[in-house]
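[1] For reference, the sequence and a predicted model appear below.
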Amino acid sequence: MAYISPTWATTNQYVKYRLVIDLLEQDNILAKSKLRRRLQAWRTTYWSGGTYGSGTASVRNDLGTPSNEAISPSQVINLNTYTVLFEDEIWVDHNADGSKSLQVGGYFNITGIVNSTQWNDFTVILPTIPRGSVPTATAANIEEATTININKYNSGFTSTLRFEFPAGDASPLIGTIVDKTPQISYGWELPSSFYDKIPNSSLAQCKIYCDTYSGDTLIETKACLFNASVNPITNAPDVSAVIEDSNALTVALSGSNAKIVKFASQAHTLITALAKNGASIVSYKTTCLDGKISTLQENWLNFVESNIFDVMATDSRGLTKTVRYTLTLVDYVKLTANPNFQRNTPTDNKVKLSYNGNYFNDTFGSVVNTLALKYRYREKGTPTWSPLYTLPAPTLSGDTFSAENIILAPGGVETSFPYGLGYEFELIAYDEVSTSGVTSPDSVNPGIPATAHGKDWFKSYVDSYFAKDVNVEGQLLVNGVQIPQLTETGVQSISSNSFMPSALTTITGTYPQLIPMNKIRGDLNISSDLITLPKGYIYKIVSDLYGVGAGLGRITIYENGGSVSLLDSENLVTGSTETGGRSSCRGYGEIDLTLAASDMVIKVVCTLKVGTTMVIQNTHGLVVIEKLKKTIV
């Protein structure tokens with residue numbers, strides 16, 4: 001079939017041209033047409049000039065980019081004979097419905113001789129290529145209907161619909177849905193056989209093929225995909241369970257294995273689950289609302305605190321189902337006891353007990369709860385416990401119990417606990433659940449008195465210190481050495497002959513420790529031995545230097561005998577004037593030391609420097625080391 005354009009004029013009145021389009025073939029599968037395009041020119045009158053010369057001929061489709069062909073310099077345009085200046089072959093795509101029209105244009109130019117003045121185009125309408133119908137389908141669940149829509153390009157065509165499931169599978173299910181239907185929409189229920197192809201998935205794609213026929217001639221086959229799903233509600237596994245109390249004790253108390261005694265029951269769970277349509281059960285789960293979880297088909301949950309259980313099974317498609325079971329709850333209160341054993345008085349041989357606790361003051365169903373309390377003891381440091389002794393019934397208030405100041409009388413003897421000994425005690429509470437008892441420990445220390453005294457003696461049994469003034473009638477001695485009385489102005493009433501050591505010496509024994517010194521005239525430079533202060537105590541160290549006259553005096557206390565000064569008492573110049581016009585001088589200092597973790601070693605150094613014209617009389621150096629109290633660890 002040929003399509004010929006109108007005859008078009010050129011710049012030479014004797015030269016004309018046209019386009020000739022030949023339809024060579026059509027591809028029904030690919031919906032293409034093959035065309036041959038030719039640009040032809042001719043002369044309408046005789047011309048003795050022969051050739052025209054070189055140039056270019058061009059052809060284009062739909063005003064697009066042209067294809068060009070060179071015109072040879074020897075080209076001759078004949079009289080009333082079509083001379084082909086351009087020729088090619090091309091494939092043209094048809095529209096989706098098979099139709100196709102296009103504009104074809106031509107132009108040529110022979111330099112200086114002739115040209116077509118402009119592009120000239122004409123329309124070519126090609127024969128329609130029959131096209132296959134296009135299917136689409138809506139997503140659907142297996143055993144439910146999808147709608148297949150058929151977009152037909154020719155109302156006279158029919159469609160055969162086929163399926164493949166799962167699409168792309170090595171061995172899919174295939175079959176015909178409908179044969180040569182003229183309908184443009186078709187409802188189709190997905191067959192149950194689809195389940196077996198996806199036992200481990202809840203979704204796969206199904207492919208629909210649409211074969212388009214014109215009579216019995218197959219025009220074309222086109223296809224589409226849609227999602228085929230497993231309905232998660234109707235295909236969830238069937239789940240049931242047996243949940244019961246398997247603790248023989250609590251079953252006997254409540255009278256039923258369908259009851260849960262809070263804190264005490266052992267819940268036995270057994271799940272039965274059935275997967276559907278080719279799936280299999282892959283996991284189980286039981287959750288008690290107290291947070292305890294089992295992932296076994298059968299299990300035992302101990303000491304559950306809730307009567308509500310959620311049972312779940314999951315199949316190989318990931319579909320789950322949960323069923324809740326609620327048993328009768330016995331709201332048991334866990335038994336507790338809080339004892340306080342102590343001596344009746346600090347030096348008493350009696351021990352008294354106060355206690356309180358929580359208790360389930362109700363019935364379990366078949367048995368009413370009871371409460372019993374016992375105690376036992378042993379001397380500290382010994383392995384053997386006494387027999388258990390029963391205590392009187394306590395006071396009950398709701399779900400609590402208590403008792404105050406019960407004097408213990410094991411074996412009927414109240415004075416069974418000598419105050420010089422320490423004891424360990426256990427209070428043991430029993431109820432119908434805690435038949436072995438709930439044990440709560442406590443202890444009592446020896447009842448040694450804090451102090452003791454006689455006619456002419458006083459003794460302290462504990463580390464102590466005085467926070468206020470203490471008046472002492474008579475002299476205050478430390479290890480037989482008199483401690484001078486101190487005032488804010490210095491040491492009082494010490495004669496020049498009280499102490500005259502050649503050097504300080506360490507005074508061992510109990511605390512306070514006193515290091516005296518005295519120098520009447522001349523320079524002084526003496527030091528003590530190393531003094532060890534044991535750990536675990538708080539110490540107060542006081543140094544005081546007092547003299548009559550003027551000069552330079554100093555008491556320094558060093559840690560570990562080194563160069564680090566802990567305390568420095570220094571007297572520089574005259575401080576005041578006494579009766580008789582004598583001048584006095586004094587240096588004073590004090591420090592508190594807390595030795596919690598380790599001992600400390602100290603050394604005391606005393607120096608006194610007298611000027612060339614000065615006289616120091618009745619000089620006294622005093623260092624007191626006092627252990628105050630134990631540290632708190």
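    Done, it's in.

[2] Low-confidence regions, the stretch 151-300 of the chain specifically.
    Per-residue confidence of the stretch 151-300 of the chain (counting by pLDDT under 70) places no residue in a weak region.

[3] And the strands in it, which stretches?
    With DSSP state E, counting those that start in this stretch as the criterion, the stretch 151-300 of the chain has strands at 158-165, 173-181, 185-189, 203-214, 217-229, 238-245, 259-261, 267-274, 281-288, 293-294, 298-301.

[4] Show me the one of the ones you listed that comes nearest Val604.
    strand 293-294 (71.1 Å; CB to CB). Bear in mind the C-beta positions are built from the backbone N, C-alpha and C, glycine included.

[5] any idea how far the closest one is from the chain center?
    Computed by CA atoms, centre = their mean, to the nearest Å, the chain-centroid distance of strand 293-294 equals 21 Å.

[6] List the pairing partners of it within its sheet, with orientation.
    Paired neighbours of strand 293-294 in the sheet (DSSP bridges): strand 281-288 (antiparallel).

[7] and the angle for the strand it pairs with with strand 238-245?
    With axes from the mean of the first three to the mean of the last three CA atoms, to 10 degrees as the criterion, the two stretches strand 281-288 and strand 238-245 enclose an angle of 40 degrees.

[8] Need the residues that contact strand 281-288.
    By CB atoms under 8 Å, 6 or more residues apart in numbering, the residues outside strand 281-288 that reach it are 237, 241, 243, 267, 269, 271, 273-275, 293-297, 299, 301, 304-306, 308-316.

[9] Buried ones only from the residues you listed, please, as a ChimeraX command.
    The following ChimeraX line selects those of these that are buried, judged by 16 or more other CB atoms under 10 Å:
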select :237,241,243,267,269,271,273,275,294,297,299,301,304,305,306,309,311,312,313,314,315,316
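
[10] Out of the strands of the stretch 151-300 of the chain, which gets nearest to Ile71?
    The minimum distance between Ile71 and those falls on strand 217-229, with 43.3 Å, by CB to CB.

[11] Quick one: list the elements packing against that closest one.
    strand 134-137, strand 140-141, strand 203-214 (3 or more CB pairs under 8 Å, 6 or more residues apart in numbering; DSSP states H and E).

[12] now do the same end-to-end measure for stretch 149-161.
    End-to-end distance for stretch 149-161, by CA to CA, to the nearest Å: 11 Å.

[13] Please name the residues that touch Gly422.
    For Gly422, the set of contacting residues under the criterion of CB under 8 Å, 6+ apart consists of 379-380, 443-446.

[14] Out of these, the closest to Asp27 would be?
    Minimum separation from Asp27 among those (CB to CB) is found for Ser443, which lies at 105.0 Å.

[15] Can you tell me which of the strands of the stretch 151-300 of the chain is most buried?
    For the strands of the stretch 151-300 of the chain, ranked by mean neighbour count under the definition mean count of other CB atoms under 10 Å, the leader is strand 259-261 at a mean of 26.

[16] Show me what that one is in contact with.
    With contacts defined as CB under 8 Å, 6+ apart, strand 259-261 is touched by 245, 247, 250-251, 253-254, 265, 267, 304, 306-307, 327-330, 332, 364-365, 433.

[17] neighbouring strands for that strand, and are they parallel or not?
    As defined by DSSP bridges, the strand partners of strand 259-261 come to strand 328-330 (parallel).

[18] And Leu253, how far from Asn28?
    From Leu253 across to Asn28, the span is 88 Å (CB to CB, to the nearest Å).

[19] Which of these two has more residues huddled nearby?
    Regarding Leu253 and Asn28, a neighbour count based on other CB atoms under 10 Å identifies Leu253 as having more, with 25 against 16.

[20] Does that one touch Ser434 like I think?
    No - using CB atoms under 8 Å, Leu253 makes no contact with Ser434, being 11.9 Å away.

[21] on that earlier part again, let's have the strands of the stretch 151-300 of the chain in a markdown table, adding distance to Ile125.
    Formatted as a markdown table, the strands of the stretch 151-300 of the chain follow (distance: least, CB to CB, whole Å):
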| stretch | distance to Ile125 |
| --- | --- |
| strand 158-165 | 27 |
| strand 173-181 | 31 |
| strand 185-189 | 32 |
| strand 203-214 | 21 |
| strand 217-229 | 21 |
| strand 238-245 | 66 |
| strand 259-261 | 87 |
| strand 267-274 | 67 |
| strand 281-288 | 64 |
| strand 293-294 | 76 |
| strand 298-301 | 80 |
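
[22] Quick one: closest of those strands to Gly411.
    Across the strands of the stretch 151-300 of the chain, Gly411 has its closest neighbour in strand 259-261 (37.3 Å, CB to CB).

[23] Measure how far the closest one is from the centre of its chain, please.
    The answer for strand 259-261 is 34 Å, by CA atoms, centre = their mean.

[24] can you give me the helices in this protein?
    In chain order, the chain shows helices spanning 248-254, with DSSP state H as the criterion.

[25] Might you list the low-confidence residue ranges for it?
    For the chain, residues meeting the criterion pLDDT under 70 lie at 47-51, 448-526, 544-555, 560-564, 567-588, 607-622, 628-633.

[26] where's the closest residue to Lys262 other than its chain neighbours relative to Val367, distance?
    Spatial nearest neighbour of Lys262, chain neighbours left out: Tyr332 (4.5 Å); criterion: CB to CB, 6 or more residues apart in numbering. For Tyr332, the distance to Val367 equals 12 Å [CB to CB].

[27] Counting neighbours, go ahead and name the busier of those two.
    Counting neighbours by other CB under 10 Å for Tyr332 and for Val367 shows that Tyr332 has the greater number, 24 against 12.

[28] mind listing what the more buried one touches?
    When contacts are counted by CB under 8 Å, 6+ apart, Tyr332 touches 261-264, 360, 364, 433.

[29] can you pick the most crowded of these?
    Of all the contacts of Tyr332, the highest neighbour tally under other CB under 10 Å goes to Val261, namely 27 neighbours.

[30] Tell me who's in contact with the closest residue to Phe364 other than its chain neighbours.
    With CB to CB, 6+ apart as the measure, Leu253 is the residue that lies nearest to Phe364, at 3.8 Å, once sequence neighbours are left out. For Leu253, the contacting residues are 261, 330, 364-367, 432-433, by CB under 8 Å, 6+ apart.

[31] any chance of the helices and strands packed on strand 217-229 in JSON lines, plus distance to Lys535?
    As requested, the helices and strands packed on strand 217-229 are arranged in JSON lines below (distance: least, CB to CB, whole Å):
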{"stretch": "strand 134-137", "distance to Lys535": "90"}
{"stretch": "strand 140-141", "distance to Lys535": "82"}
{"stretch": "strand 203-214", "distance to Lys535": "76"}
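
[32] Mind checking those strands for the one nearest to Tyr82?
    Shortest distance between Tyr82 and the helices and strands packed on strand 217-229, using CB to CB, is found for strand 203-214: 39.1 Å.
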